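Colleague: Generate coordinates for the sequence data below:
(chains A and B)
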Amino acid sequence: MSFLTLTGIQKYFGTTAAVLDFDLAMERGEFVSFLGPSGCGKTTTLRMIAGFEQPTAGRIEIASIDITDLPPNRRNVGMVFQSYALFPNMTVAQNIGFGLRVRGRPKAKIDARVDELLGLIHLEGRGGRYPYQLSGGQQQRVALARALAIEPQVLLLDEPLSALDAKIRVALRAEIRAIQRQLGITTVYVTHDQEEALSLSDRVVVMSDGRMEQVGSPFEIYNFPATPFVASFVGTLNLVEARVVEAAAGRIAIAGQEVHAAGSVSAGSGGAVTVALRPEGLSLGDGPDGSNRLRGAISDVSFLGSVVRIRVRLGDGGPVLSVDTFNEPHSRPPAVADAVGVWFPREACLILGGAVTARPGASDPVEGA
Amino acid sequence: MSRGSASPPFGPLGVMRSWLRLGPPSPGRHRGSLIAWLILAIGVLYFVFPLIATLEFSLRAKPFGLAYQNVLDDPKFGSSLLYSFTIGLITIAISIAIIVPTAFWVRLKVPHLRTAVEFVTLMPFIIPAVILVFGIIRIYSAKPFVFTRTELGSDALLVAAYVVLSFPYMYRAVDTGLAAIDVRTLTEAAQSLGAGWGRILLRVILPNLRTALLSGAFLTLAIVIGEYTIAVFLARNNQFGVYLSLLGQNKAFEPAAVSLISFGLTWVAMIFIALIGRGARERVQITGAR
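Modeller: Residues are numbered from 1 along each chain as shown, chains lettered A, B, ... in the order given. Purely as a prediction, here's the structure:
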């Protein structure tokens, strides 16, 4: 039985559509991220769950109770904001205990709960400080504790790490996930950072232009993008045009060089398709028998730390493929203009311009764009 | 701030401070510094000379300090000051009760109406006080709203008129205070924690407007204490402004003494605001980055 359900949600601001046909069912204790670029409708959807925006159409339920028309202060939904939104006039302890004071809990119980949460966020003994006396990361941990203090049915996080620097962001996201698992609280997390979404979530909802592009586990989203948008937004991707040689056999030609997809291609023979290839799914060399091979010349070599990204131009003036290889300090990196082969297994070849069937490892077929 | 800091000077005092800061010994810089000192000296003299002149004049009464002694011994001085303070405090309370929810609601729900509301609050600058008081007398001297026949009714009309006069100062102060905090997010955070509108206003918004409210309240108090036109037409002769005017007609040195005492009270109030507001400003500025 789903715990948080959004059915047929639509939101218009005037004549502008912000969210369209949004349907999602979340299990109790699940961690779902809304991922997408600015203006894709992810924050608007979150705000509709919180009650700050009213859906133009659709229904929101928590534990089978319709909350669509409930005001935000009667939903028992905790929210963490990008800007922390701590009350500047209150101490850390007063901030955390605010929701409990609103509920008229006895002072002793509030104090005990505040101490418990201060321990949970590793800020013991700092309850008497004001928000301005804390770092950004500490302030956001207090905001999280404040949202958790009321024991909300659903926890909403609106880009909570965006205002923090990279190191704190990584540390805090691990902390958020650990706390969420410990408490088993149903959580919706909004972010435009794919790394955050993929590392934190049980499922990811990728959104674009107010619509859901794909819903799936991080593994599915990354490895089997359903649309060109998901493929291009999540991770780095080589998108190259190809021509179908024999649809039933999955034979296609990239820059005139024939390769095989993992299954048949739904586009007709002679038709054009877009092929998506992850840089880390490609290797230099000829590869084992049965693998796909393309020939080209190195056009650029970029050192990215643990990874070296090599760009290979296929054929004579054909498309450029990025190939990621691990940095090996004792081996000489290839030089620009060297002639090389690029190989990849058939499964690494995602056809976005036509549906591929019988794809191993995927739970559902890739939809045509 | 260290010399050569890149932060821009803020306000006239900041600009003045930046001019006065001695830089490397270049002729142009030195000339600029001299000009700044000269402007500062002229400014100080402009403000200090009248005060010194008033003080000197008030002390001419013999024996020394007689004018001040007379003022402090006059029971009307204390009673009129108390009356005006009371009227002022009631005015401030009503003004805050009207302006804070209005400004909060405008910022939160109808921000496109902000200019219109601001214009309405500026009406006391456009309509002279004498017009306002004639309008009040005309409406509230005849049935069904007869207020002017009783002391309490006239006091109520005086407060009502002063509330209107306070609008431009109170609205601007509150609106500026609201601009310094992230009203929308703080409100939403409080709502998500279960708070209703009353609690949000009293526990979240008002405490963060402390400096703004003090500024607005002080300006309102200053206007109420010195106000003459409305009070005299409503026959509120115990109002401090009216007392001051009557005193000036009958006495020579005492009005000067009263002016200086009022000036002193003003400065005490300003220092009070600056001290109270310092901590609040710091808290608001550092938190709530958006």
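Colleague: Beyond the one helix or strand residue B:44 maps to, next helix or strand please.
Modeller: Using DSSP states H and E, residue B:44 sits in helix B:27-58. Next helix or strand after helix B:27-58 toward the C-terminus (DSSP H and E): helix B:66-73.
Colleague: on that earlier part again, what inclination does the helix holding residue B:44 have with respect to helix B:66-73?
Modeller: Here helix B:27-58 runs at an angle of 70 degrees relative to helix B:66-73 (axes from the mean of the first three to the mean of the last three CA atoms, to 10 degrees).
Colleague: For helix B:27-58, which residues meet the burial criterion?
Modeller: Counting neighbours by 16 or more other CB atoms under 10 Å in any protein chain shown, one finds that the buried residues in helix B:27-58 are B:36, B:54, B:57-58. (Glycine included, C-beta is placed from N, CA and C.)
Colleague: Go through these and name the one nearest chain A.
Modeller: The closest of those to chain A turns out to be residue B:36 (CB to the nearest CB; 33.8 Å).
Colleague: Show the pLDDT at that closest one.
Modeller: For residue B:36, the pLDDT comes out at 91.
Colleague: go on, residue B:227?
Modeller: 90.
Colleague: How about the contacts made by it?
Modeller: Contacts for residue B:227 (CB atoms under 8 Å, 6 or more residues apart in numbering or on different chains) come out as B:129, B:162, B:165, B:239, B:241.
Colleague: Give me every residue in chain A lying close to chain B.
Modeller: A:50-52, A:71-79, A:81-89, A:98-99, A:102-103, A:130-132, A:136, A:139, A:143, A:146-147, A:150, A:156, A:163 (CB under 8 Å from any CB of the partner chain).
Colleague: where does the chain have low pLDDT?
Modeller: Reading this off chain A. Where chain A drops to pLDDT under 70, the residues are A:353-369.
Colleague: wrong one, I was asking about chain B
Modeller: Using pLDDT under 70, chain B drops low at B:1-29, B:269, B:273-274, B:276-290.
Colleague: Give me the domain ranges for it.
Modeller: Segmentation of chain B into domains, based on automatic domain parsing, reads B:12-58, B:66-276.
Colleague: mind listing what's buried in stretch A:57-69?
Modeller: Buried, per 16+ other CB under 10 Å, within stretch A:57-69: A:58, A:60-62, A:67-68.
Colleague: And the helices in the stretch 101-250 of chain B?
Modeller: Residue ranges of the helices in the stretch 101-250 of chain B, as given by DSSP state H, counting those that start in this stretch, are B:114-121, B:123-126, B:129-140, B:151-180, B:183-192, B:197-199, B:210-226, B:229-233, B:240-250.
Colleague: List the contacts of the spatially most central residue of chain B.
Modeller: Computing the C-alpha centroid of chain B and ranking residues by CA atoms, centre = their mean puts residue B:219 first, at 0.9 Å. Shown in contact with residue B:219 (CB under 8 Å, 6+ apart): B:166, B:169-170, B:173.
Colleague: can you rerun that using 10 Å?
Modeller: B:92, B:166, B:168-170, B:172-173 (CB atoms under 10 Å, 6 or more residues apart in numbering or on different chains).
Colleague: Kindly indicate which of those residues lies nearest chain A.
Modeller: residue B:173 (17.5 Å).
Colleague: these two touch, right, that closest one and residue B:99?
Modeller: Yes. Using CB atoms under 10 Å, residue B:173 makes contact with residue B:99 at a distance of 8.6 Å.
Colleague: Mutual contacts of those two, please.
Modeller: B:166, B:213, B:216.
Colleague: could I get those residues as TSV with distance to chain A and neighbour count?
Modeller: Shown next, in TSV, are the shared contacts of residue B:173 and residue B:99 (distance: CB to the nearest CB, whole Å; neighbours: other CB atoms under 10 Å in any protein chain shown):
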residue	distance to chain A	neighbour count
B:166	24	28
B:213	13	23
B:216	18	28
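Colleague: any chance of these in JSON lines, plus distance to residue A:205?
Modeller: Shown next, in JSON lines, are the shared contacts of residue B:173 and residue B:99 (distance: CB to CB, whole Å):
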{"residue": "B:166", "distance to residue A:205": "52"}
{"residue": "B:213", "distance to residue A:205": "44"}
{"residue": "B:216", "distance to residue A:205": "47"}
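Colleague: Kindly export stretch B:50-57 (C-alpha atoms) in PDB.
Modeller: Taking C-alpha atoms only, stretch B:50-57 is exported to PDB below (Å, rounded to 0.1, in the frame of the first residue of the first chain):
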ATOM      1  CA  PRO B  50      22.100  76.700  17.300                       C
ATOM      2  CA  LEU B  51      22.300  74.400  20.300                       C
ATOM      3  CA  ILE B  52      25.000  76.400  21.900                       C
ATOM      4  CA  ALA B  53      23.000  79.600  21.200                       C
ATOM      5  CA  THR B  54      19.800  78.100  22.700                       C
ATOM      6  CA  LEU B  55      21.800  76.900  25.700                       C
ATOM      7  CA  GLU B  56      23.400  80.300  26.200                       C
ATOM      8  CA  PHE B  57      20.100  82.000  25.900                       C
END
